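Visitor: How does the following fold in three dimensions:
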Amino acid sequence: MGKIPALGLGTWKAAPGEVTEAVKVAIDVGYRHFDCAYFYHNETEVGAGIKDKVKEGAVKREDLFIVSKLWCTYHKKSLVKTACQKSLKALKLDYLDLYLIHWPMGFQSPHQGWFKRMASFLVFKPGEKDLPLDHNGMAIPSETDYLQTWEAMEDLVLTGLVKYIGVSNFNHEQLDRLLNKPDLRVKPITNQIECHPYLTQQNLIKFCQSRDVSVTAYRPLGGSCAGVDLMDDPVIQAIAQKYKKSPAQILIRFQVQRGVIVIPKSVNPGRIQENIQVFDFELTEQDVSDLLCLDKDFRMAKFPVAENHKDYPFNIEY
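Guide: Numbers count the residues shown, from 1 in each chain. Okay, the predicted model is just below:
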């Protein structure tokens, strides 16, 4: 089982114009784990930052742990390698350290059948082909099964395009089904999920760790959603004051102490540096308990346009 660095830089919603510099700053202050995805539409810029730092000798490629994700329109077995190669080309890399199935749900692909025919005479805005919607504004599902998708993911490891594979946004039943696949050749190394004190994910984390699958927390700082900002929580504020740390550092340390890999996103140089300075203090058991008690089962990344999908992961408790 490979070792994923405990802390990485998230790049979701990082604007292409900002993310190259963010990656360079991150490498300079010690980040070696970078979390990317085809669907973020900024892998070319992430790759430019990595290439610059390798070229100037600040870091070697083998010192970095680069992650990307297979998007939902590429779940058909014959498209998985194509999708991986697109990310590799954008990132200017020969291999990925980790490749994840971004969501358990497959969507109709713009690279096949009726969608391809339709796409030839319709004008799409950037990103629209990646999220095909019906007349009700809901994602158009494909008939794919993520177990078949996984077989093509395994092939990527066996051919050397990626070192490790994993999943993202899988519930415990979906992960269990994958782990119990009779002809499983390569086991998922991690399940990347939304996780923060308002969505502590205790049951899912316990399940994953009991099956020797690590957990990676995205949106660990929450971010502002529906008027809710985690950073303003009085419990988090009080713990931050106690340690003379920022609320963000408390939220990152919380995950580290739970044995959860954490990928805070920022393009602000000061915050990028601050977010990695979490290994010089330790929360008490009471602090961790107080943070766990904030759980409201408050999910921010709900993906509502896919709620009707057969593999939508959030229809069960965890």
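
Visitor: so where's the stretch 1-150 of the chain shaky on pLDDT?
Guide: Counting by pLDDT under 70, the ranges of the stretch 1-150 of the chain that qualify are 1-2, 111-128.

Visitor: now the helices for it?
Guide: For the stretch 1-150 of the chain, the helices defined by DSSP state H, counting those that start in this stretch occupy 16-29, 43-55, 77-91, 113-119, 146-158.

Visitor: between those, which gets nearest to Pro188?
Guide: With Cβ to Cβ as the criterion, Pro188 lies closest to helix 146-158 of the helices of the stretch 1-150 of the chain, at 8.1 Å. Glycine gets a C-beta too; all of them are placed from N, C-alpha and C.

Visitor: what sits up against the closest one?
Guide: 70, 75-78, 80-81, 84, 99, 101, 104, 106, 162-165, 167, 174, 177-178, 181, 184-186, 311 (Cβ atoms under 8 Å, 6 or more residues apart in numbering).

Visitor: could I get the helices of the stretch 1-150 of the chain as TSV with mean neighbour count and distance to Ser266?
Guide: Formatted as TSV, those follow (neighbours: other Cβ atoms under 10 Å; distance: least, Cβ to Cβ, whole Å):
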stretch	mean neighbour count	distance to Ser266
helix 16-29	20	7
helix 43-55	20	14
helix 77-91	18	20
helix 113-119	13	35
helix 146-158	18	29
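
Visitor: possible to save the ones you listed as a markdown table with distance to Ile193?
Guide: Shown next, in a markdown table, are the helices of the stretch 1-150 of the chain (distance: least, Cβ to Cβ, whole Å):
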| stretch | distance to Ile193 |
| --- | --- |
| helix 16-29 | 22 |
| helix 43-55 | 22 |
| helix 77-91 | 21 |
| helix 113-119 | 29 |
| helix 146-158 | 15 |
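
Visitor: out of those, which comes closest to Gly8?
Guide: That would be helix 16-29 among the helices of the stretch 1-150 of the chain, by Cβ to Cβ, at 8.8 Å.

Visitor: Could you export the closest one as CSV, CA atoms only?
Guide: Provided in CSV are the C-alpha atoms of helix 16-29 (Å, rounded to 0.1, in the frame of the first residue of the first chain):
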residue,chain,number,x,y,z
PRO,A,16,-6.5,29.0,-14.2
GLY,A,17,-4.7,32.5,-14.0
GLU,A,18,-3.9,32.0,-10.3
VAL,A,19,-3.2,28.3,-9.9
THR,A,20,0.2,28.2,-11.6
GLU,A,21,1.6,30.6,-9.0
ALA,A,22,-0.2,28.9,-6.2
VAL,A,23,1.5,25.6,-7.1
LYS,A,24,4.9,27.2,-7.3
VAL,A,25,4.5,28.9,-3.9
ALA,A,26,3.2,25.6,-2.5
ILE,A,27,6.3,23.7,-3.7
ASP,A,28,8.6,26.4,-2.3
VAL,A,29,7.0,26.1,1.2
